[in-house]
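J.: Got a predicted structure here, sequence first:
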Amino acid sequence: MFRWFGRLAYRFRWPIVVLWFAAALATLPVLPRVADVLSPGGFSSSQTESAKARALLQQNIPGYSPSTILVLFSHPTWKPTDPQFIAEAQRALSRVTSLPDVAGIDWFMQNPRQIAPDGSLAYAVIRLKRDPESAEGTAREIQQALVPTNLTVQLSGSPVLYADFAHVTEHDLRRAEIVAFPFALVALVFVFGSVVTAIIPLIVGAINVALVLGFLYLLTHVMSLSVFSLNVASMLGLGLAIDYSLFLVSRFREELLHGSVVQAVEKTVATAGRAVFFSGLTVLIGLSGLSFFEFLFMRSVGIAGMLVVLTAVLSAMTFLPAMLAIVGPRVNALTLRSRPDQTGGFWHQTATRVMRHPWFVVIPVTALLIGLALPFRNVQLSSPDATILPRSTQSRQAFDRLSQAFGQGAISPIVIAVQTDQLVNDPQTLASLYAYTRQIAADTRVERVTSIVTVDPRITLPQYQQLYHDPAHIPDPVLQAAYQQLAGQNVTAIYVYFNALPASPEARSLLHDLRHIQPPAGLHVLMDGSTAEIVDNVQRMYQKFPYAAATVILATYVVLFVLLRSALLPLKAVILNLLSLTASYGALVYIFQEGHFHRLLHFDPLGFTESSLPIILFCLLFGLSMDYEVFLLSRIREAWEQTGDNTRAVVEGLERSGRIITGAALILVIVAGAFITADVVLIKALGLSVALAVALDATLVRVLLVPATMRLLGDWNWWIPRFALRLVPVRGMEH
């Protein structure tokens, strides 16, 4: 089948090349608009307790706002209580109330708690009708509607965070592409020693990225996709396309020495093309693991990644062979240095030494990888907040100012949705709420509790029962406003404030204890708020992760079993993959959670590890690592079928593929490493983790551990149960 693909690519080389270029050109008009149609959110699930609590409040309390934007006002000399300060603040928001998604504004004049204790700033709360992840556009509308005044005005809140995240992510992508392309070209020239040969993979990579982004744009018309998929599509699209091009171009140059162009194309697709096909299949399997999760952020990465793989494999099987057929012997034109020896020198010496002393390689390399993984024992999983953005963004600056002025938890309370058996204003229900809120307030970690029965500490329970007898005619305007925002017929909200960041251990501990308080009879509670969302999302993700991981590992094993016709080599590949993967996990915690090298890499230590990153890295890196395993073992298998000698086959396989594997890894490290320049810490962490894992995998694992363990296993490498011989062909799959 693969040889037939090669023959087809040679015969229709011009139409195939024209078709690919035409498809890429067709995407050019939509490429600048891709980021605009992608969602900046996607970090939450509708199946968690916190999401259900939010939905309950939104559906049952007319005055409840699912999201808010905080507008910070400050002045060098004026105080928030000064008349000119108040007048300027009101003028600044005078056009905001007319926006369709704005439900209302809560002013600091009405609530002294919205004025900083030191009087340095005050904030107004804009209540929105949309949830945070869909209110990104509203945040931009509010920004544009602000009237310039003498006050310093800053916006904060989740909608602003998502808007900044989308803007900075797009900027990060452009910078990474500018960095990656020239360095990749230099590396390709170094690997191949020929300008023409180096340019071909870059052409294939650029076309692949353009097509994938075009496909993402079309998909947004039928489903929501996260803006994070933009970076993954670019990084993986360029990296995989260049990787696959390297393997095919290298094999084509080798085959040109032994035959005509048509023979070289056919043989290249039959061997390297076949390896690319199975390699792509393993990467596709890894990324498909993200389909287990309902989080838009993770599912989008999986969809974008699978589009990348499909496009990269298809181009490697059709477009690239057609280009090679057209270029022919001119592939070696503009040679800058002589071609390196394919069968001797460094790789021969390395393979021979590793095979001669396998234990001296296996023990120290394994110990090193385990040592690199040890920091992962201290992982603290959490969801992102404004600290993932650079300090230059408005949402980050406002977040920092609020935390300094009001305390770390002042704007991130735990929200309790209370569903009542009787009407909320029923005297017995009010008595139960009164007792429940006092029990919560008794916790020394709680600074204050806001509810319909804690509006004023001077009001007694009998007075609340009398005042709320008829909710439509509450005499006190403050109580009237509080009741409308906090209560419906059978649902009410309680806000619990504390002085700690939402992701902190203190906040998690308080949430845990609140969830274990038994509410009075007739009250049924669900917890929401930033802390609850973090805890629930992490728990939801890692409930499904074992099933996703097991599916990916099992499916990968089956693919490698069919490709290599071996029962032990796929198992060994899985174990070695997990070694390099956990090493990158350790680096993730050591650098981004604990903050080592943060000045060098220009970021603020998070103090936590973003919860989805280990899962995304597993699905992404498990496939990418198998990428190099497939190419190396395919070449070793080819040599073993010719010689029947395990040791000789391993040496020859490493000689033939070692230089190309490390060259391909170098390109992918450059492409992924370019994203270390990102301002968004999540993207920086992903880029560094992928670059480090690929570097470790292509050097320590594939060049040292794989041949050493194959030497120890000997002929057992090629053992296959008798019953399986009928399930997979033994030879000639390339025909």
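T.: Nice, thanks for sending it over.

J.: quick check, I416 in a strand?
T.: Yes. Assessed by DSSP: H, G, I helix; E, B strand; the rest coil, I416 belongs to a strand.

J.: Which helix or strand contains P614?
T.: helix 613-643 (DSSP states H and E).

J.: If you count neighbours, what's buried in that helix?
T.: Buried positions in helix 613-643, judged by neighbour count with 16 or more other CB atoms under 10 Å: 613-640. C-beta: built from backbone N, CA, C; applies to glycine.

J.: what do you get for stretch 564-579?
T.: Those would be 564-570, 572-574, 576-579, for stretch 564-579 by 16+ other CB under 10 Å.

J.: quick one: which of these sit in helices?
T.: Mapping the buried residues of stretch 564-579 onto helices (DSSP state H) picks out L564, L568, L569, P570, K572, A573, V574, L576, N577, L578, L579.

J.: Low-confidence bits of the protein, can you list those?
T.: Low-confidence segments of the chain (pLDDT under 70): 334, 336-344, 725-735.

J.: go with 50
T.: Within the chain, the stretches with pLDDT under 50 are 340-343, 731-735.

J.: where do the strands sit along it?
T.: Assigned by DSSP state E, the strands in the chain fall at 67-74, 102-106, 121-128, 152-156, 381-382, 414-420, 446-450, 491-498, 523-529, 609-610.

J.: Go ahead and name everything in contact with the third one.
T.: Surrounding strand 121-128, the residues in contact under the criterion CB atoms under 8 Å, 6 or more residues apart in numbering are 65-74, 80, 85, 89, 93, 96, 101-108, 114-116, 135, 138, 142, 156, 159, 401-402, 405.

J.: List just the nearest of the ones in helices among the buried residues of stretch 564-579 to V491.
T.: Closest approach between these and V491, by CB to CB: L578, at 47.1 Å.

J.: how far away is that closest one from L654?
T.: Relative to L654, L578 is positioned 22 Å away (CB to CB, to the nearest Å).

J.: do S65 as well
T.: Taking CB to CB, one finds S65 at 63 Å from L654.

J.: How about P520?
T.: Distance from P520 to L654, by CB to CB: 71 Å.

J.: Comparing these two, which residue is more hemmed in?
T.: Set P520 next to L654 and count neighbours by other CB atoms under 10 Å: L654 wins out with 28 against 14.

J.: Is it correct that that one is in contact with Q349?
T.: No. In this structure L654 lies outside contact range of Q349 using CB atoms under 8 Å: 10.5 Å.

J.: residues contacting R648?
T.: With CB under 8 Å, 6+ apart, R648 has these contacts: A639.

J.: Next: the one 4 residues further on.
T.: The contact partners of E652, taken as CB under 8 Å, 6+ apart, are T343, R635, I636, A639, T643.

J.: can you pull out the helices in the stretch 51-200 of the chain?
T.: With DSSP state H, counting those that start in this stretch as the criterion, the stretch 51-200 of the chain has helices at 83-92, 136-145, 158-192, 195-219.

J.: and the third one, which residues are buried?
T.: Read it as helix 158-192. By 16+ other CB under 10 Å, the buried positions in helix 158-192 come out as 158-170, 172-173, 176-177, 179-181, 183-185, 187-189, 191-192.

J.: Taking helix 195-219 as reference, get the angle to that helix.
T.: Interaxial angle of helix 158-192 relative to helix 195-219 (axes from the mean of the first three to the mean of the last three CA atoms, to 10 degrees): 160 degrees.

J.: With the second one instead?
T.: Direction vectors for helix 136-145 and helix 195-219, defined by the same axes, to 10 degrees, enclose an angle of 90 degrees.

J.: so what secondary structure elements neighbour helix 136-145?
T.: strand 67-74, strand 152-156, helix 158-192 (3 or more CB pairs under 8 Å, 6 or more residues apart in numbering; DSSP states H and E).
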